[in-house]
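In: give the three-dimensional model of this entry:
(chains A and B)
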Amino acid sequence: MTRATPLPSPTLRVADIRKRYGALDVLRGVDLSPAAGRVTAVLGPNGAGKTTLLKTILGLVRPDHGEVLIDGAAAGTDASVRHAIGYMPQLPRFPGNLTPRELTSMLDDLRAFRGVPDEELVEAFGLAPEYDKPIRALSGGTRQKVNAALAFRYRAPILVLDEPTASLDPVAARVLKEKVRRERAEGRMVLLTSHDLGQVQALADDIVLLLDGRVAFRGSLTGLLTTTGQADLEGAIATLMQHDAPLPFDREEVA
Amino acid sequence: MSATLRAILAHTIRNQLRGRAVPGYAAFFFAATTGLLQFGGGPTRTLPSLASVILLVVPLVTLVIGTVGFYDGREFTELLLSHPVSRTRLFMAHYLGLVLPLGAAFAVGTGLPLVTAGLDSATWAPALLTVAGGLLLTGVFGALAILVATSVGTAARGLATALLVWLGLTVLYDGVVLMGAQAFSAYPLERPLLAAMLLNPVDLARVMVLMALDAPALLGYTGAVFQDFFGTAAGALVAAGSLALWIGVPVALAARRFRRMDF
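Out: Reported below is the predicted structural model:
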């Protein structure tokens, strides 16, 4: 697909983020700078801090230390940086009394959006007939489709997707994966989490592995497979988790 | 008002009006006011009873709807904050989206029967002050509700805290003050009692409304001291001003907490 205006290449820099909830050290100094035009998957066991990391990037979680810079502006203090982000939360609970159409028009107003929205997913998911029903009458899967459609709607240069395919049926999940690939081809930066390693292997260019709130690995998928000598991502992650110390490589070194 | 604030507010209010709580709240006050007018024999006799209902029900309902609504809407708040919206604006939208529909429901529910019952020159001012007192209480307890909800982690504990705030300010406070006054009856108590009065928004609203009604027997202990000290006209102004502070300070505290919250 071609677009009339070229996409400005987004930059995102996560610098030494630390976050503690009570006695729980969720993030213990995380650095990250995902590349535009690539899909970066953040992996890690439950409680590794994946969602907290994504929420810090969105300014939803206030870190105790460190900062997130989006196109050079601090995400924590400058709300306008979120014009650059399309976010798909893990389990959204939309207000049940509103219809998807009302919700969408409210978010349009909120973003003061004047451009042509991306409604590819609304079409591909066949959502149009559901758009005038109250959200409470929609199934969980349909809500998740609305959630996905909203994340892509504003053609934001950075896409943050938290478990995007978790409650989608296989057909819808496939539609979404194709969409992510097209967005990548247009130069967008995609940051996602997923528990489905097969899916990550099919979609991701770069891998960030979080263990105990630290980056245990950061680099390209192919580099990861080569270094660990494994045929698939599952084997590679298992190998990495057996190491106590982070492996001595980074995207720059393996790219 | 900014465009973003207006956009959220319009949708929050629409959402509220489609729910059951706000229309039900209006219906409750409509029924209560109509009933009291029927059996009470005209506005002059009805207003003190109506004021007692208002002083108990407005804080309770505002606290409950405010805290429950905040916890219910947390994920939605999170969704809104993932868009380019400043937290201060969203907080104001939350606050106004709570107190404006509740205030309107209350004003319609009480105002409509009062106006149709026929207010004369002697009753319109007390009636107006009674409604105004309820509106100010809505503002105060809306702010307290959000302060509780932003300070207490879980919905169950938040609701329990809100109920304790209500019980404390509406029921227990006067009892404690009275016990204190008895224990220290050998000392001059006017100033401590005035201070006690200014520290409780429900007492302030009660004094504001009942002084206008000329119903000293209903003022309560602290209220009587207050009227003595300030006189009726100045007293009503002091009470209204203190209530405004009771709105401003919790709003500012809650806004601060909201800005620092993790979602």
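In: residues of the stretch 51-200 of chain B that sit close to chain A?
Out: B:73, B:75-76, B:78-87 (C-beta under 8 Å from any C-beta of the partner chain). Placement of C-beta: from N, CA and C, glycine included.
In: what segments of the stretch 1-150 of chain B are strands?
Out: In order along the chain, the stretch 1-150 of chain B carries no strands (DSSP state E, counting those that start in this stretch).
In: show me the helices in it, by range?
Out: Using DSSP state H, counting those that start in this stretch, the helices found in the stretch 1-150 of chain B span residues B:3-18, B:21-40, B:43-72, B:74-81, B:87-117, B:124-151.
In: and the shortest one, what's its mean pLDDT?
Out: What that stands for is helix B:74-81. On average, the pLDDT along helix B:74-81 is 86.
In: packing partners of it?
Out: helix B:87-117 (3 or more C-beta pairs under 8 Å, 6 or more residues apart in numbering or on different chains; DSSP states H and E).
In: how far off centre is the helix it packs on?
Out: 11 Å (C-alpha atoms, centre = their mean, to the nearest Å).
In: now stretch A:75-82
Out: Worked out by C-alpha atoms, centre = their mean, stretch A:75-82 lies 17 Å from the chain centre.
In: tell me the buried residues in that stretch?
Out: A:75-76, A:79, A:81-82 (16 or more other C-beta atoms under 10 Å in any protein chain shown).
In: re the thing from before, single out the most deeply packed of the helices of the stretch 1-150 of chain B.
Out: Most buried of those by mean neighbour count (mean count of other C-beta atoms under 10 Å in any protein chain shown) is helix B:124-151; its value is a mean of 24.
In: how about the residues of chain A by chain B?
Out: A:21, A:55, A:58-62, A:79-83, A:85, A:87, A:89, A:91-95, A:97-98, A:102-103, A:106-107, A:109-112.
In: just the buried members of those residues?
Out: Here, 16+ other C-beta under 10 Å leaves A:55, A:58-61, A:79, A:81-83, A:85, A:87, A:89, A:92, A:94-95, A:97-98, A:102-103, A:106-107, A:109-111 buried among the residues of chain A next to chain B.
In: so which of those residues sit within strands?
Out: A:85, A:87 (DSSP state E).
In: of the buried ones among the residues of chain A next to chain B, which belong to helices?
Out: The members of these that map onto helices under DSSP state H are A:55, A:102-103, A:106-107, A:109-110.
In: need the max-distance pair from those residues.
Out: Using C-beta to C-beta, the pair of these lying farthest apart is A:Lys55 and A:Glu102, separated by 25.6 Å.
In: all helices of the stretch 151-263 of chain B, in order?
Out: Under DSSP H, counting those that start in this stretch, the stretch 151-263 of chain B gives helices at B:155-166, B:173-183, B:190-198, B:201-213, B:220-230, B:232-260.
In: list the contacts of B:Leu144.
Out: Going by C-beta atoms under 8 Å, 6 or more residues apart in numbering or on different chains, B:Leu144 touches B:63, B:66, B:162, B:165, B:250.
In: ok, the last one - contacts?
Out: By that I understand B:Pro250. Applying C-beta under 8 Å, 6+ apart, the residues near B:Pro250 are B:140, B:143-144, B:146-147.
In: now the nearest residue to A:Leu103 once chain neighbours are set aside: phi and psi?
Out: Leaving aside its chain neighbours, A:Leu103 sits nearest to A:Phe94 (5.8 Å; criterion: C-beta to C-beta, 6 or more residues apart in numbering or on different chains). A:Phe94 has phi and psi values of phi -80, psi 150 when expressed as degrees, to the nearest 10.
In: hang on, A:Phe94 packs against A:Val146?
Out: Yes. At 7.3 Å, A:Phe94 and A:Val146 qualify as touching, with contact defined as C-beta atoms under 8 Å.
In: show me where the stretch 1-150 of chain A has its strands.
Out: A:12-21, A:24-32, A:39-43, A:65-70, A:73-74, A:85-88.
In: closest to B:Gly158 out of those?
Out: Across those, closest to B:Gly158 is strand A:12-21 (C-beta to C-beta), at 17.8 Å.
In: so what strands line up beside the closest one?
Out: In the sheet, strand A:12-21 lines up against strand A:24-32 (antiparallel), strand A:65-70 (antiparallel) (DSSP bridges).
In: what lies in contact with the first one?
Out: The list of residues contacting strand A:24-32 from outside it, by C-beta under 8 Å, 6+ apart, reads A:12-20, A:47, A:49, A:52-53, A:56, A:63, A:65-66, A:208, A:210, A:212-215, A:218.
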